[in-house]
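Student: I need the structure of the sequence given here:
(one chain, ligands or ions: 2)
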Amino acid sequence: MEQATQKVLYSAVQPSGNLTIGNYVGAIRNWVKLQHEFTCFYAIADLHAITVRQIPAELRRHTLELAALYIACGIDPEKCTLYVQSHVSAHAELAWILNTITYVGEMERMTQFKDKAAKHAENVNMGLMAYPVLMAADILLYQAHVVPVGIDQRQHLEITRDIATRFNNRYGETFRIPEAYIVKEGAKIGSLQDPVHKMSKSDENPNASVYMADDRDTIIRKFKRAVTDSDNRIVASEDKPGVTNLLNIYASFKGCTVAEAEKEFEGKGYGDFKLAVGETVADALAPIQAEQKRLLADKAYLSEILARGAQNAAYAARKTLSKVQRKIGLYRGE
Ligand code: ATP
Ligand code: LTN
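Tutor: Ligands and ions are numbered 1, 2, ... in the order given. I've put the predicted structure just below:
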């Protein structure tokens, strides 16, 4: 499975809700392409998910559904290491150590922390604040070269690099400094109701997000209700965030450029345009949904894949963790 010459790639998604087409276009779809070029570790970040309150039964369900979705989207479990973060205890162990070289001020400045702290004011817990440190541990354990993420995660990648550099300077070369890999088109899918903000799986308004599990009618209805702009032109521009977002979504699902999409809809009205976007997305999701359903009916197979993934990941992670423990002076016996 692993080829020594290939670079290592690491990424993860939290099982914190039903995935949106933003997660798909901004993350998972790119992972599928990258699996041929890199030695890939793809995790289900359940320890990250619990930094906001989760209902236990839902968390369990979302975890398994996400595993099935990864595979349904085309991630090959024979080629990649696909696993659940909490199955590999090295993540929590390294995160604790990295906490001791990360400053509170650095964490307080993180945009995602500020947003989530405001949104969950009743539950600003230590884990929410240390979220980027756990993410750094994820990445650094596998000595990853590249980390594909959406643009919203760029800041977490920067802090990961800072933490790794700080550790290396203090204790000697230990971690590889990872690079963010941010895809340009489709890098940020906006909310259908408030397109300047990203579409998010934890949005309270169900009409703001299109979920990977939505059926055809729901998808078409949500696009029909999507906010557009005051005039009738179907062109991408900064003062038309609604139409620009829809053009972006259309282009990423159709596999064309935004310019080609603009040309296709020249002279058409918003009604026709929105219907075409909805149909295109629904057509693209149908086969993924069918495959995910088939996989979820075979829990034994999914458990087996995840167990194998965890074993593989634990082996790789342990190497880095042992090195770290030695370097910082934790007594390991004579
Ligand atoms: P939450 O709402 O629970 O914070 P989220 O929907 O923002 O979650 P994450 O689990 O934080 O999703 O992100 C998983 C991956 O999907 C990340 O790489 C992130 O950058 C990407 N992603 C999430 N939303 C979008 C979006 N709207 N457009 C593009 N990429 C996205
Ligand atoms: N915080 C990430 C999910 C995540 C991740 C990672 C991404 C957890 N650990 C390691 C890349 C590398 C997010 O996308 N919200």
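
Student: is the residue lying closest to Phe38 once chain neighbours are set aside in a bridge, and if so with what?
Tutor: Computed as CB to CB, 6 or more residues apart in numbering, the closest residue to Phe38 that is not its neighbour in sequence is Leu9, at 3.7 Å. In short, each C-beta sits where N, CA and C put it, glycine included. Beta-bridge partners recorded for Leu9 (DSSP bridges): Cys40, Val146.

Student: give the contact list for Leu9.
Tutor: 34, 37-41, 144-148, 181 (CB atoms under 8 Å, 6 or more residues apart in numbering).

Student: show me which of these are buried.
Tutor: By neighbour count, with 16 or more other CB atoms under 10 Å, the contacts of Leu9 hold 34, 38-41, 144-148, 181 as buried.

Student: mind picking the one among these that's closest to ligand 1?
Tutor: Pro148 (7.2 Å; CB to the nearest ligand atom).

Student: measure that closest one to ligand 2 for me?
Tutor: In this view, Pro148 and ligand 2 are 8 Å apart by CB to the nearest ligand atom, to the nearest Å.

Student: equivalent analysis for Ala130, please.
Tutor: 12 Å.

Student: residues near the residue nearest to that residue when sequence neighbours are not counted, how many?
Tutor: Spatial nearest neighbour of Ala130, chain neighbours left out: Asn99 (5.8 Å); criterion: CB to CB, 6+ apart. Asn99: 18 surrounding residues under other CB atoms under 10 Å.

Student: also the one 10 residues further on?
Tutor: Taking other CB under 10 Å as the neighbour definition, Arg109 ends up with a count of 12.

Student: distance of the closest residue in space to Ala144 that isn't next to it in sequence from Thr39?
Tutor: Distances taken as CB to CB, 6+ apart place Tyr10 nearest to Ala144, at 3.8 Å, with adjacent residues excluded. Tyr10 sits 10 Å away from Thr39, going by CB to CB, to the nearest Å.

Student: and Thr244, by the same measure?
Tutor: If you go by CB to CB, the gap between Thr244 and Thr39 works out to 37 Å.

Student: pull the contacting residues for the closest residue to Val84 other than its chain neighbours.
Tutor: Once flanking residues are discounted, Val84 sits nearest to Ile44: 4.8 Å by CB to CB, 6+ apart. By CB under 8 Å, 6+ apart, Ile44 lies in contact with 12-15, 63, 66-67, 70, 83-85.

Student: one more time with 7 Å, if that's ok
Tutor: By CB atoms under 7 Å, 6 or more residues apart in numbering, the residues touching Ile44 are 12-13, 15, 63, 66-67, 84-85.

Student: and the stretch 101-250 of the chain, which residues reach ligand 1?
Tutor: Contacts of the stretch 101-250 of the chain with ligand 1, taken as CB under 6 Å from any ligand atom, map to 149-150, 152-153, 188-189, 198-202.

Student: rewinding a little: and the contacts of Leu9 as a markdown table, adding distance to Gly278?
Tutor: Shown next, in a markdown table, are these (distance: CB to CB, whole Å):
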| residue | distance to Gly278 |
| --- | --- |
| Leu34 | 29 |
| Glu37 | 33 |
| Phe38 | 34 |
| Thr39 | 38 |
| Cys40 | 32 |
| Phe41 | 35 |
| Ala144 | 37 |
| His145 | 38 |
| Val146 | 34 |
| Val147 | 32 |
| Pro148 | 27 |
| Tyr181 | 30 |
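
Student: show me which of these is closest to ligand 2.
Tutor: Val147 (5.0 Å).

Student: tell me the pLDDT at the residue nearest to Phe38?
Tutor: Leu9 is assigned 98 on the pLDDT scale.

Student: now do Ala27
Tutor: 89.

Student: picking up where we left off before, Throw the buried ones among the contacts of Leu9 into JSON lines and include distance to Arg332 and pLDDT, thanks.
Tutor: Formatted as JSON lines, those follow (distance: CB to CB, whole Å; pLDDT from 0 to 100):
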{"residue": "Leu34", "distance to Arg332": "36", "pLDDT": "95"}
{"residue": "Phe38", "distance to Arg332": "32", "pLDDT": "97"}
{"residue": "Thr39", "distance to Arg332": "28", "pLDDT": "98"}
{"residue": "Cys40", "distance to Arg332": "31", "pLDDT": "98"}
{"residue": "Phe41", "distance to Arg332": "25", "pLDDT": "98"}
{"residue": "Ala144", "distance to Arg332": "25", "pLDDT": "98"}
{"residue": "His145", "distance to Arg332": "28", "pLDDT": "98"}
{"residue": "Val146", "distance to Arg332": "31", "pLDDT": "97"}
{"residue": "Val147", "distance to Arg332": "29", "pLDDT": "96"}
{"residue": "Pro148", "distance to Arg332": "35", "pLDDT": "93"}
{"residue": "Tyr181", "distance to Arg332": "35", "pLDDT": "92"}
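
Student: low-scoring stretches of the chain, by residue?
Tutor: 1-4, 184-187 (pLDDT under 70).

Student: for it, just list every one of the strands.
Tutor: 8-13, 39-44, 81-84, 146-148, 179-181 (DSSP state E).

Student: mind checking which of those is nearest Ala208?
Tutor: Nearest of these to Ala208, taken as CB to CB: strand 8-13 at 18.7 Å.
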